[in-house]
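Chemist: Need a 3D model of the sequence below.
(4 chains)
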There are 4 protein chains.
Amino acid sequence: MNERSRPRRADYRHFLEIPTRWGDNDAYAHINNVVYYSYFDTVISRYLLESGAIDLKTSEVIGVVVETGCRYLAPISFPDLVTAGLRVTRIGNTSIRYEIGIFRNAEDQASAEGHFIHVYVDRATQTRPTPLPRELREAVTPLLVPPGEPA
Amino acid sequence: MNERSRPRRADYRHFLEIPTRWGDNDAYAHINNVVYYSYFDTVISRYLLESGAIDLKTSEVIGVVVETGCRYLAPISFPDLVTAGLRVTRIGNTSIRYEIGIFRNAEDQASAEGHFIHVYVDRATQTRPTPLPRELREAVTPLLVPPGEPA
Amino acid sequence: MNERSRPRRADYRHFLEIPTRWGDNDAYAHINNVVYYSYFDTVISRYLLESGAIDLKTSEVIGVVVETGCRYLAPISFPDLVTAGLRVTRIGNTSIRYEIGIFRNAEDQASAEGHFIHVYVDRATQTRPTPLPRELREAVTPLLVPPGEPA
Amino acid sequence: MNERSRPRRADYRHFLEIPTRWGDNDAYAHINNVVYYSYFDTVISRYLLESGAIDLKTSEVIGVVVETGCRYLAPISFPDLVTAGLRVTRIGNTSIRYEIGIFRNAEDQASAEGHFIHVYVDRATQTRPTPLPRELREAVTPLLVPPGEPA
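Modeler: All right, here's what the predicted structure looks like:
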């Protein structure tokens, strides 16, 4: 991992501050690798809720996570402040690929980068893929960037 | 805390083995104080599900947690095996008081003891207390012991 | 629980905003009872770190949690913003009792109240209680209020 | 995802039972995508501890996680029993690639598959990659299988 391959804030389109919690640290006193995924989950679901694209209780479609991944580039520790950057690199017929950069305090180079693929299904069956609703497609379009290197 | 006040396995009526997870450890390399409550939650909800007293999706009543507490008596660390002991010290008209002992590996003296008070409400409103259903009352009666020292 | 017994913001001395995370919700779509303790943990440890009273890696004394508790007064759900209020009701020779109020969004009445008792021990043995260091005692004194009702 | 591409138990070399916890469920009443990584973490760190390859407190080298990933193939819910299968597909000079299959109850087809790459560094600096110690290399060799499809 050389410095050149660390994403920067300008590579993302939306940002959310996520303060770390004491329990995010593991026995090595760094944020546990698992916890990064809770940051991914949070920036995406909050964006979707606040944009009105998804209502947790009444939406007819829900996003099922089919794939996630993370590369860890530099350690973070409580009480650091995390800023999660969000972008979308693919809006398919029934799925969306999100990419996330995790930034520590005021740093411009990401401490981690991840991806997250949602397939949309109808709430009742939770299995059959469903075309993205128009309001969801509109909500994520501002986040769309050309795909870069695979995360 | 003297040794005499540590509960023993014989003080409980039902047991569940809960293996610790790596992420349960905090930066001091001990199980984080928060995680004990996930053990409490798990032994109680699993007992209720397996006894058939509660069905997560269809029960008309759900248990709302109104109070919890824990005294920490001795440290535990991953990869220890936790055994959670469970008893009930009060079955009210609309509420149940559970007490939990947390045992480390083969030890007979508890490493922590906690309590957990459920008030039952109807699922629709989630606020109005509701008399315990008969099947729930029957399910927890075998766990009932006379109350001892307040946890 | 009547409304009168819900603490208000003015009852606390220090505040920290803690955004909820998607995974804080449980299967009933409310913040899980366990997660409140991670809010307690976070407001206390962050206060101690930022006041300089404790350094995670080098302090000769560490705070061991001997008791925690929580009363749940009203539900919270992701993506609510939590504000944790903090006060101290007892500074002993070797221990400190913290009390925490959990406030939802802009509400003035607490959604939960909890307590958290630290006993200080030396890092090496992690068992022998140790008098509070002067800088710790000074750091928490501004949080001290006369004890009210037991939490 | 067709059925053929779901790994089976025979594809793994070591197994650990991991009971689900109530809090593992998210607001959709399925195991949250984040939690799978705690299963990965747990099966690997426990294998390394129990094989004697790593001692959490004294090892001169520690495994730093540089990449993780997961494909979710079928839902799991509390109180399901998870069995985590473990294999190694690459033992490098300073790194190891683990692959994990997550099996629900008695099922033979995986509900999820993941990977986890450790780079070993010396404990003091936590940055400089270090050749795998002999005892670690010996511990993971029985898990080695020829690499298959990339996870």
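Chemist: What are the buried residues along stretch A:130-140?
Modeler: By neighbour count on 16 or more other C-beta atoms under 10 Å in any protein chain shown, the buried set for stretch A:130-140 is A:130, A:132, A:136, A:139-140. C-beta: built from backbone N, CA, C; applies to glycine.
Chemist: Would you format those as a markdown table with distance to chain B, secondary structure and pLDDT included?
Modeler: Below are those laid out as a markdown table (distance: C-beta to the nearest C-beta, whole Å; DSSP: H, G, I helix; E, B strand; the rest coil; pLDDT from 0 to 100):
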| residue | distance to chain B | secondary structure | pLDDT |
| --- | --- | --- | --- |
| A:T130 | 22 | coil | 92 |
| A:L132 | 27 | coil | 93 |
| A:L136 | 26 | helix | 92 |
| A:A139 | 29 | helix | 94 |
| A:V140 | 31 | helix | 96 |
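Chemist: nearest to chain D, of those residues?
Modeler: A:T130 (15.3 Å; C-beta to the nearest C-beta).
Chemist: how near is the closest residue to A:V34 other than its chain neighbours to B:G23?
Modeler: With sequence-adjacent residues excluded and distances taken as C-beta to C-beta, 6 or more residues apart in numbering or on different chains, A:V34 is closest to D:Y37, at 4.2 Å. For D:Y37, the distance to B:G23 equals 9 Å [C-beta to C-beta, to the nearest Å].
Chemist: what helix or strand does the spatially closest residue to A:V145 that is not a sequence neighbour sit in?
Modeler: Leaving out its chain neighbours, the residue that sits closest to A:V145 by C-beta to C-beta, 6+ apart is A:R87, at 4.9 Å. Using DSSP states H and E, A:R87 falls within strand A:81-91.
Chemist: Quick one: list the elements packing against whichever helix or strand comes after that strand.
Modeler: Using DSSP H and E, the helix or strand that follows strand A:81-91 in sequence is strand A:95-104. In terms of contacts (3 or more C-beta pairs under 8 Å, 6 or more residues apart in numbering or on different chains; DSSP states H and E), strand A:95-104 is packed against helix A:35-50, strand A:81-91, strand A:112-122.
Chemist: Please identify the pairing partners of strand A:95-104 and their relative orientation?
Modeler: Sheet pairing of strand A:95-104 (DSSP bridges) gives strand A:81-91 (antiparallel), strand A:112-122 (antiparallel).
Chemist: Please identify the deepest-packed of the ones you listed.
Modeler: strand A:112-122 (a mean of 21; mean count of other C-beta atoms under 10 Å in any protein chain shown).
Chemist: and that one, how far from the chain's centre?
Modeler: 8 Å (C-alpha atoms, centre = their mean, to the nearest Å).
Chemist: Please export the C-alpha coordinates of it as CSV.
Modeler: The C-alpha trace of strand A:112-122 is given here as CSV (Å, rounded to 0.1, in the frame of the first residue of the first chain):
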residue,chain,number,x,y,z
ALA,A,112,-9.9,2.9,5.1
GLU,A,113,-12.0,2.4,2.0
GLY,A,114,-14.9,0.1,1.5
HIS,A,115,-17.7,-0.9,-0.7
PHE,A,116,-21.3,-2.0,-0.1
ILE,A,117,-23.7,-3.5,-2.6
HIS,A,118,-27.4,-3.3,-2.1
VAL,A,119,-29.9,-5.3,-4.1
TYR,A,120,-33.4,-4.1,-3.7
VAL,A,121,-36.2,-6.6,-3.0
ASP,A,122,-39.8,-6.2,-2.0
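Chemist: and the residue nearest the centre of chain A, what does it touch?
Modeler: The centroid of chain A falls nearest to A:F40 when counting by C-alpha atoms, centre = their mean (3.7 Å). The neighbourhood of A:F40, defined by C-beta atoms under 8 Å, 6 or more residues apart in numbering or on different chains, consists of A:68, A:70, A:84, A:98, A:100, A:114, A:116.
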